[in-house]
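[1] Fold the following.
(one chain, ligands or ions: 1)
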Amino acid sequence: MRLVLLGAPGSGKGTQAKRLVERYGIPQISTGDLLREAVSKGTELGKAAKQYMDAGQLVPDEVVLGMIRERLSRPDTAKGFILDGFPRNLPQAEALDHMLDEMKQPLDLAILIDVDYDVLMQRLTGRLTCENCGAVFNIYTNPPRQDHICDFCGGKLHHRADDNEETISNRLKVYDQQTRPVIAYYEMEGKLARINGEGEIDEIFQRIVEAIESRLKAGSEQSAGEARETKASAATRPASEGPATRKAVKKKTAAPRAAATSSATKKAAKKKATAKKGTAKKSAVKKSTQKKAVRKKVAAKKGATKKAVTRKTAAKKATRKTPARKKAVRRSPPSLQQILRAVEQTVNREIREMEPQLEQSARETARLLARISRAEQQGERRVARAEEKVQRLMERLRRLQGKG
Ligand code: AMP
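    Numbers count the residues shown, from 1 in each chain. Model prediction:
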């Protein structure tokens, strides 16, 4: 089983990955752990990664991809693996797909552990990790029995260097901007399972296991269906059908499950049609030759053999063309990702473009407010002047009334 665990920092990927290791006997590969190990050993890679990790930024792709490639080539991954904290952006997701394609070990499932922002903050600020075995505790939600001591191995518990408020908010920002699109990527590939990541650790683990089991079941049912289909088509296949058809069926069985429903089926159907055409032609030739002389019969047979050879060569050529066609098919999903990336870039560009406009309108608002306050002051002065005038007029009136 080849799994990817997706989720924001603090969603519980590490905790759940450790349980999955026990349950399925496959290794957990955490890029965060590998990077922290490199930092603590003071390797070149660790030195290069540290500044990014301290700032809550992603370590450059080439560093992480090199590390993953090396780790996936080790024999303990033959039965499967759990990727935790990788991929973190679209280029990493695409690179992983290519790597696994080359290894003929496609990914089975990407599990998203979904957790609310507030819960994430509480988990991250209270998180404690064992220096020795990597077990994770939380001072609020899952405290150790003894302060700062690991329940499992007695190792010392420590607060991770990047679990401080400033780095945490950076890491969550990076997750929103760069890792969220990876969720859409796996959703489009039909490989995403969303899991509610809130509640008891056991409950969450149960939800994850259910998602995995139902994927495994769906996978085995699909394989059984394909096997039945292959058997049935072999039983109904007329004996006259040539090797080209058999080849197509064989290919169909060997093709990966997902591809079997699309490209391989189409190819097999195409080849079947070609083979059928050939059979029709053959019988037409036969019919005409029955009516004609034996000599002509022999000639027609010769012609038929030649045609068959030509068809075989054509079929071989078509087979040779297959990789190119495969490539074309494989190229189509990235175009969806390119669209996704283009949308992301457009939104970012629009935000960037809007920033000067927002600044300008803020300046204009400030100018207007200044004008209003000037006008108010002028108005107040005018009112005061008018009041003075009224008083003067009243005095004059009173004087005139006194004289009268
Ligand atoms: P984590 O333990 O998964 O939260 O990772 C801790 C830090 O390691 C992250 O904040 C990044 O700086 C770095 N890191 C881990 N995984 C990756 C990755 N796949 N790509 C880039 N940086 C990573």
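
[2] Do I have it right that residue 129 meets residue 135?
    Yes. Look at residue 129 against residue 135 with Cβ atoms under 8 Å: they come within range, at 7.3 Å. (Glycine included, C-beta is placed from N, CA and C.)

[3] Neighbour count: those two, which is higher?
    residue 129 (21 against 18; other Cβ atoms under 10 Å).

[4] count of residues packed around the closest residue to the ligand within the chain?
    Going by Cβ to the nearest ligand atom, the ligand is nearest to residue 32 of the chain, at 2.1 Å. By other Cβ under 10 Å, 18 other residues sit near residue 32.

[5] ok, the spatially closest residue to residue 30 that is not a sequence neighbour - contacts?
    Leaving aside its chain neighbours, residue 30 sits nearest to residue 84 (4.2 Å; criterion: Cβ to Cβ, 6 or more residues apart in numbering). Counting by Cβ atoms under 8 Å, 6 or more residues apart in numbering, residue 84 touches 5, 13, 14, 17, 28, 29, 30, 31, 32, 33.

[6] Now list the buried members of the residues you listed.
    5, 13, 14, 17, 28, 29, 30, 31, 32, 33 (16 or more other Cβ atoms under 10 Å).

[7] tell me the two of these that are most distant?
    5 and 33 (12.7 Å; Cβ to Cβ).

[8] Show me what from the stretch 101-250 of the chain comes close to the ligand.
    162, 171 (Cβ under 6 Å from any ligand atom).

[9] all strands of the stretch 101-250 of the chain, in order?
    Per DSSP state E, counting those that start in this stretch, the stretch 101-250 of the chain carries strands over the ranges 109-114, 127-130, 136-138, 157-158, 192-196.

[10] quick one on the thing from earlier: ok, so what distance separates the residue of the chain closest to the ligand from residue 144?
    21 Å (Cβ to Cβ, to the nearest Å).

[11] And residue 216, by the same measure?
    Applying Cβ to Cβ to residue 216 and residue 144 gives a distance of 34 Å.

[12] Output the below-cut-off pLDDT ranges for the stretch 201-350 of the chain.
    The model of the stretch 201-350 of the chain has pLDDT under 70 over residues 223, 226-340, 342, 346, 349-350.

[13] got a list of what residue 181 touches?
    By Cβ under 8 Å, 6+ apart, residue 181 lies in contact with 89, 90, 340, 341, 344.

[14] out of residue 216 and residue 144, which sits in the more crowded spot?
    Set residue 216 next to residue 144 and count neighbours by other Cβ under 10 Å: residue 144 wins out with 17 against 13.

[15] Now the more buried one. Nearest residue, chain neighbours left out?
    Nearest to residue 144 is residue 137, by Cβ to Cβ, 6+ apart, at 4.7 Å.

[16] circling back to that earlier point, from the contacts of residue 181, which are also near the ligand?
    Answer for these near the ligand: none qualify (Cβ under 6 Å from any ligand atom).

[17] re earlier: for the residue of the chain closest to the ligand, which non-adjacent residue is spatially closest?
    residue 85 (4.6 Å).

[18] and residue 12, how many neighbours?
    Around residue 12 there are 25 other residues, counting by other Cβ under 10 Å.

[19] Check the one 10 residues further on too.
    The local packing count at residue 22 equals 7, with neighbours defined by other Cβ under 10 Å.

[20] cool, residue 10 as well?
    Residues near residue 10, counting by other Cβ under 10 Å, number 27.

[21] Tell me the secondary structure at it.
    Secondary structure, DSSP: H, G, I helix; E, B strand; the rest coil: residue 10 is coil.

[22] and it, what is it in contact with?
    115, 119, 120, 121, 123, 124, 127, 168.

[23] what number of residues lie near the fourth one?
    Residue 121 is surrounded by 15 other residues when neighbours are defined as other Cβ under 10 Å.

[24] can you check the last one too?
    Counted with other Cβ under 10 Å, the burial measure for residue 168 works out to 21 neighbours.

[25] Can you pull up the residues of the stretch 251-400 of the chain that come close to the ligand?
    Close to the ligand, as judged by Cβ under 6 Å from any ligand atom, the stretch 251-400 of the chain has no residues.

[26] follow-up on the earlier one: please list the members of the contacts of residue 84 that lie in helices.
    Of the positions in those, 13, 14, 17, 31, 32, 33 sit in helices, assigned by DSSP state H.

[27] Output these in a markdown table; the columns should cover pLDDT.
    Shown next, in a markdown table, are these (pLDDT from 0 to 100):
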| residue | pLDDT |
| --- | --- |
| 13 | 94 |
| 14 | 92 |
| 17 | 96 |
| 31 | 96 |
| 32 | 94 |
| 33 | 93 |
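
[28] was I right about residue 165 contacting residue 125?
    Yes. Counting by Cβ under 8 Å, residue 165 touches residue 125, with 6.8 Å between them.

[29] So which of those two has more stuff around it?
    The neighbour count for residue 165 versus residue 125, taken as other Cβ under 10 Å, is higher for residue 125 (16 against 10).

[30] just to revisit the earlier point, next, the contact list for the residue nearest to residue 144, please.
    Residue 137 sits in contact with 127, 128, 129, 130, 143, 144, 150, 151, 157, where contact means Cβ under 8 Å, 6+ apart.

[31] PyMOL command for the buried members of those?
    This is how PyMOL selects the buried members of the contacts of residue 137, with burial counted by 16+ other Cβ under 10 Å:
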select buried, resi 127+128+129+130+144+150+157
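
[32] The contacts of residue 137: which two are farthest apart?
    The widest separation within those (Cβ to Cβ) is 15.0 Å, between 127 and 151.

[33] nearest spatial neighbour of residue 196, skipping sequence neighbours?
    residue 114 (6.0 Å).

[34] got the contact list for the one you found?
    7, 11, 194, 195, 196, 197 are the contacts of residue 114 under Cβ under 8 Å, 6+ apart.

[35] I'd like to know which of these are buried.
    Applying 16+ other Cβ under 10 Å to the contacts of residue 114 flags 7, 11, 195, 197 as buried.

[36] Contact partners for the third one?
    Read it as residue 195. By Cβ under 8 Å, 6+ apart, residue 195 lies in contact with 111, 112, 113, 114, 204, 207, 208, 211.
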